[in-house]
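Colleague: Give the three-dimensional model of this entry:
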Amino acid sequence: MFRLSKVIKATNLVVTLPRLIEWEQKCGEKEKRGPELEIPDPEAFNAEAAEAIIAETEEMVHQLLNEARVQAEKIISDAKAEAQAILREAREKIDGLKKEAEKTGYEAGFTAGRQALAEEWEKFNAFKESERAALEEERRRLIQQAEPELIQLAVNIARQIIHAELKLAPDQIASIARATLAKALADGDVTLKVHSSDYEYIGDLLEKNGQNRAVVRVEIDNSIENGGCLAETPYGVVDGTVEGQLQAALSDLLEVSQGG
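Modeller: Residues are numbered from 1 along each chain as shown. Now for the predicted structure:
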């Protein structure tokens, strides 16, 4: 450590000069009054006083330095504590702002997502309804386009069934003949044309029923399929053939289909 005493000693300061003057004055007075006294060496006195002052000054300086050091350490410690408190408060504020921003962002995102989902759902429902209407229209178009073919197919199936039934039960011709004559007899004399395989059966049937041969005349016409008949009157023809009845039914069905 740099000692202050060295600096003071190097200057050869004399700090007791006023005391020496006073001392000399007192000595002069005593000299007049009494015997001569021994006077101390001024240099020795000055050195001792300087050493005492230096020691006192050094002690004071050390005390001031210690106090300054303690105060400085306290100021630094307080500054550090305050800085840490400010930093901690700033971090807490930042964390709070982050959480608030995350919460706000989550709520905004959730609301936006729900709204987007509702819009997509509405679009999907509109698309579904549009597709349903388009499919319904296509179904109607296909049915309308295929309906004549379906009707024709049904008639063909009916034809096959009727012919098969007539083969299995030939007496079904009686029902057909009765229905045909019921329509034709109101117009007067009737000529009933049948296939040769049905001629005798129809003739016997008419005789059993007491039908007047003058009113109903039975003729053979092999262009007519067996199981059917054709009644000619003065005013027109009543078609009792299987094919004729099927074609009439087909015509009615097609008319209804096209009109509907």
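Colleague: To what extent is residue 177 buried, counted in neighbours?
Modeller: If you count neighbours by other Cβ atoms under 10 Å, residue 177 ends up with 25. All C-beta spots, glycine's among them, are computed from the backbone N, C-alpha and C.
Colleague: Show me this protein divided up by domain.
Modeller: Split into domains by automatic domain parsing, the chain comes to 4-87, 169-259.
Colleague: which of the ones you listed has the lowest average pLDDT?
Modeller: Here the lowest mean pLDDT among these goes to domain 4-87, at a mean of 63.
Colleague: isn't residue 227 right next to residue 243, touching?
Modeller: No. Residue 227 is beyond contact range of residue 243, at 10.3 Å (criterion: Cβ atoms under 8 Å).
Colleague: So between these two, which is more surrounded?
Modeller: Each of residue 227 and residue 243 has its neighbours counted (other Cβ under 10 Å); residue 227 has more, 22 against 15.
Colleague: Would you confirm that that one belongs to a strand?
Modeller: No. Assignment of residue 227 by DSSP: H, G, I helix; E, B strand; the rest coil gives coil, placing it outside any strand.
Colleague: Spatially, what comes nearest to residue 203 if we skip its sequence neighbours?
Modeller: residue 218 (5.5 Å; Cβ to Cβ, 6 or more residues apart in numbering).
Colleague: same for whatever helix or strand the one you found lives in, what does it pack against?
Modeller: Secondary structure assigned from DSSP states H and E places residue 218 in strand 216-220. If you count contacts as 3 or more Cβ pairs under 8 Å, 6 or more residues apart in numbering; DSSP states H and E, strand 216-220 packs onto strand 190-194, helix 196-208.
Colleague: could you give the angle of the shortest one to strand 216-220?
Modeller: This points to strand 190-194. Computed by axes from the mean of the first three to the mean of the last three Cα atoms, to 10 degrees, the angle separating strand 190-194 from strand 216-220 equals 30 degrees.
Colleague: This protein: helices as residue ranges?
Modeller: 4-11, 17-33, 42-168, 172-184, 196-208, 242-259 (DSSP state H).
Colleague: that older thread, any idea which of the helices and strands packed on strand 216-220 is most buried?
Modeller: For the helices and strands packed on strand 216-220, the largest average neighbour count (mean count of other Cβ atoms under 10 Å) is found in strand 190-194, namely a mean of 23.
Colleague: Would you mind extracting the C-alpha trace of stretch 118-128 into CSV?
Modeller: This file holds the C-alpha atoms of stretch 118-128, laid out as CSV (Å, rounded to 0.1, in the frame of the first residue of the first chain):
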residue,chain,number,x,y,z
ALA,A,118,-69.8,-23.7,-40.4
GLU,A,119,-69.2,-22.1,-43.9
GLU,A,120,-67.8,-25.4,-45.2
TRP,A,121,-70.7,-27.3,-43.7
GLU,A,122,-73.1,-24.9,-45.4
LYS,A,123,-71.3,-25.4,-48.7
PHE,A,124,-71.4,-29.1,-48.3
ASN,A,125,-75.2,-29.1,-47.6
ALA,A,126,-75.7,-26.9,-50.7
PHE,A,127,-73.5,-29.3,-52.8
LYS,A,128,-75.4,-32.3,-51.4
